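Colleague: Provide a 3D model corresponding to the input given below.
(one chain, ligands or ions: 1)
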Amino acid sequence: MTRLIIGAMVRAIGAYPSGWRYPGAHRDPRNDAGVLRLTARLAEQARLDYLFFGDWLATGHDLEHRDPYLVARIDPLSTISHLAAVTDRIGLIATVDSTYADPYPVARATASIDLLSGGRAGLNLVTSADPRAALNHGVDFERVNPTRYDRAVEFEAVLRRLWDSFDDDAIVADAASGRFLAPGSLHETGFRGEHVRSAGPLNVLRPVQGHLPIVRSGGSPRSQLIAAQSADLALVAANDLAHAVSVREELRALAFESGRDDRTLKVIAPVLPIVGETRADAQQLADELSELMQLVEDWPDGPPPGFPASRSLASLSTLVGVDLAGRSPDLAVTPSVAEQFGAAGQQLVEIVAERTGRTPGGTRPPTLRHLVVAAAVNAPIIVGTAADIAGEFETWGEAGAVDGFNVLSAVQPSQFEAFTSLVAPELVRRGVLPPAYEGETLREHLGLERPESSFARPSYAGAHI
Ligand SMILES: Cc1cc2nc3c(=O)[nH]c(=O)nc-3n(C[C@H](O)[C@H](O)[C@H](O)COP(=O)(O)O)c2cc1C
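Modeller: Residues are numbered from 1 along each chain as shown. Reported below is the predicted structural model:
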C-alpha cells in the first residue's frame, strides 16, 4: 500500500482534443464557471488533494485544434479564489508565469487567497516561451526570453521574502493597551535582484501555510535544477515507468545535492485515464474519441491555419515507413498492411489495440485514423476500469516512479465524474488515498511541513529586538 498524492489538472472543456465534441460534453466556455464548481465539488467529495489550473498567456486560431481548452479560459487566480468560497477542504493550485508577472501583486493575491481559503492555495510557477505572451505584455520577447529562468529564480526568492513580511504573531490587537502590531514584527523585504526588485513589506499577513506550496514543471536541465532546489512539487512529463523512475531519482539527487531534505520534493506525473464500468466500455470511449479527431485529409480545401501537421497521413507515412498518401484515413489496417510497417508502426498498432481493443486481424480492425491519433495525441493515456487504473497508479507508486498524479479528464464533466465515482473509491479501498481529509491545509495534504519565516532564523534574531 503506497499513499499517493492525487490532484486533478482541470481543463474545463476536457483534456482530450476531441473531448468537447463527444455527445453531452461541456463545450461552451461561457458556462465554464458551473463546470468548475461541479468539478470542485466532485473532487472534494472524492477526497482529492488538490485541483490544478494551468495557464497560457496567449490565444489564437492555431490552438483551436491543437489545444482547444487553451482558446478561452478563466484566469487561474480568479478561478481558485472563486472555488475557495465553494469548497472547504481541497487544495487549489493556480499557475502564474514569472516571466511577465510582477512579484508584489502575485505575493499579495496568493497570500490573500491562502488566507481566504484557510491555507489551501498553491502556486505553479512557469516560464513560458510563447512570443505572443511577450507581445501581450508589451515586452520584447528577444530581451526577456534568454533570462526567463534567472528571473524565475529571483521571482520565487522575492515571493518567499514578501510572504514573510509579517511575523506569524505580528497582530496583537490589544484593545486595552492600544497596541495593534507587535513591535519589530513587520520586516522590510529589500530584495534587489537583477530582474526583480521589491522594497516590501507586503501589506497582507503571512499566509496560513507560511509559504504556499510551489510547483515547477518542465523537462530541461535548468528547469529540473530549479525544481530540485526549492519546489515542493515537480510536475514531470514521463514517457513510461522506467523513464519516470530515472527522472524522480535524478530530481531527488539534485535536491539532496542542493542541501535540502530530498523527501520534501514530491514528483507528480500527469495522467489521462479513460474510465469505464467495464474495460470494453472504456475502450469504446477511447475509440469514439479517436474517431472524432479530424485529420489534415478531412479538409478537402486544406486544413485551417495552424492545424497540427502531425495529424496527417503524411506524418504517419514517415513514422511507419510506408507511403500512405492518397489513402482514406478510414482505411482498415489489415494484417497484410500492418506487416509492412517498421518498428514504430508496430508499436502504434499495439497502442491502438490496448486503448481501443481493435486489432488488425480482429472483427474491428484499426483504421489509419486510429494510428495517426495514437501518434499525435501526446498524452499519458490509460484506458480501463477503476481496478485497471488504480492498479497502474499503485504499480508506479511502488516502483518509486512518482509521489502522485495530476489527473486529466478526456471529456468534461462525465469522465471526471467517472474518475471520482469509480477510481477514487478504488484508490481509497487500496489505501492509496485516505478515506477522509486528515489535515486542513494543502501542505498537510501533501505531507509537507510549514516553513518558518526567514526572519525567524537565528541570523535575524537581532533584528527583532
Ligand atoms: C506537465 C507540464 C505542465 C505544464 N503546464 C504549463 C502551463 O500550464 N503553463 C505554462 O506556461 N507552461 C507549462 N508547462 C511548461 C513549463 O512550465 C516550463 O515553463 C517550460 O516547459 C519550460 O521548461 P523547459 O525548460 O523544460 O522547457 C508545463 C510543463 C509540463 C511538463
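
Colleague: Where does the residue in the stretch 301-450 of the chain that the ligand sits nearest to sit, in terms of helix or strand?
Modeller: Of all residues in the stretch 301-450 of the chain, the one sitting closest to the ligand is Asn406 (7.0 Å; CB to the nearest ligand atom). Where C-beta positions appear, they are placed from N, C-alpha and C, glycine not excepted. Asn406 belongs to strand 404-407 when assigned by DSSP states H and E.

Colleague: Each with direction, which strands does that strand pair with?
Modeller: Take DSSP bridges as the rule and strand 404-407 pairs in its sheet with strand 5-9 (parallel), strand 266-275 (parallel).

Colleague: Please name the residues that touch the closest residue to the ligand within the stretch 51-200 of the chain.
Modeller: Nearest residue of the stretch 51-200 of the chain to the ligand: Gly54, at 2.6 Å (CB to the nearest ligand atom). Going by CB atoms under 8 Å, 6 or more residues apart in numbering, Gly54 touches Met9, Arg11, Pro76, Thr95, Asn124.

Colleague: Now with 6 Å, please.
Modeller: Going by CB atoms under 6 Å, 6 or more residues apart in numbering, Gly54 touches Thr95.

Colleague: Got the confidence number for Ala238?
Modeller: Ala238 is assigned a pLDDT of 89 by the prediction.

Colleague: which residues of the chain fall in strands?
Modeller: 5-9, 50-53, 91-97, 121-126, 171-174, 179-181, 191-192, 197-198, 214-217, 233-235, 266-275, 381-384, 404-407 (DSSP state E).

Colleague: now these as CSV including mean pLDDT?
Modeller: Converted to CSV, those look like this (pLDDT from 0 to 100):
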stretch, mean pLDDT
strand 5-9, 98
strand 50-53, 98
strand 91-97, 98
strand 121-126, 98
strand 171-174, 97
strand 179-181, 97
strand 191-192, 96
strand 197-198, 97
strand 214-217, 97
strand 233-235, 98
strand 266-275, 98
strand 381-384, 97
strand 404-407, 98
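
Colleague: Would you reformat those as a markdown table and include distance to Ala40?
Modeller: Output for these, formatted as a markdown table (distance: least, CB to CB, whole Å):
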| stretch | distance to Ala40 |
| --- | --- |
| strand 5-9 | 9 |
| strand 50-53 | 6 |
| strand 91-97 | 8 |
| strand 121-126 | 14 |
| strand 171-174 | 31 |
| strand 179-181 | 36 |
| strand 191-192 | 34 |
| strand 197-198 | 32 |
| strand 214-217 | 18 |
| strand 233-235 | 19 |
| strand 266-275 | 19 |
| strand 381-384 | 24 |
| strand 404-407 | 14 |
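
Colleague: out of the ones you listed, nearest to His243?
Modeller: Ranking the strands of the chain by proximity to His243 (CB to CB) places strand 266-275 first, at 9.8 Å.

Colleague: wait, does that closest one make contact with the ligand?
Modeller: Yes: with CB under 6 Å from any ligand atom as the criterion, the ligand is reached by strand 266-275 at Pro270.

Colleague: Offset the numbering so it begins at 748, please.
Modeller: Got it, the first residue is 748 from now on, which makes the last one we talked about strand 1013-1022.

Colleague: how distant is that strand from the center of its chain?
Modeller: In this view, strand 1013-1022 has its centroid 9 Å away from the chain centroid, taken as CA atoms, centre = their mean, to the nearest Å.

Colleague: now swap in stretch 809-820 and tell me
Modeller: On the basis of CA atoms, centre = their mean, stretch 809-820 sits 16 Å off its chain's mean C-alpha point.

Colleague: what about the nearest residue to Ala856 once chain neighbours are set aside, how many residues close to it?
Modeller: In space, and not counting its chain neighbours, Ala856 is closest to Leu824: 5.4 Å by CB to CB, 6 or more residues apart in numbering. Number of residues near Leu824 (other CB atoms under 10 Å) recorded here: 23.

Colleague: Residue numbers of the stretch 998-1147 of the chain in contact with the ligand?
Modeller: Near the ligand, when you scan the stretch 998-1147 of the chain using CB under 6 Å from any ligand atom, you find Pro1017.
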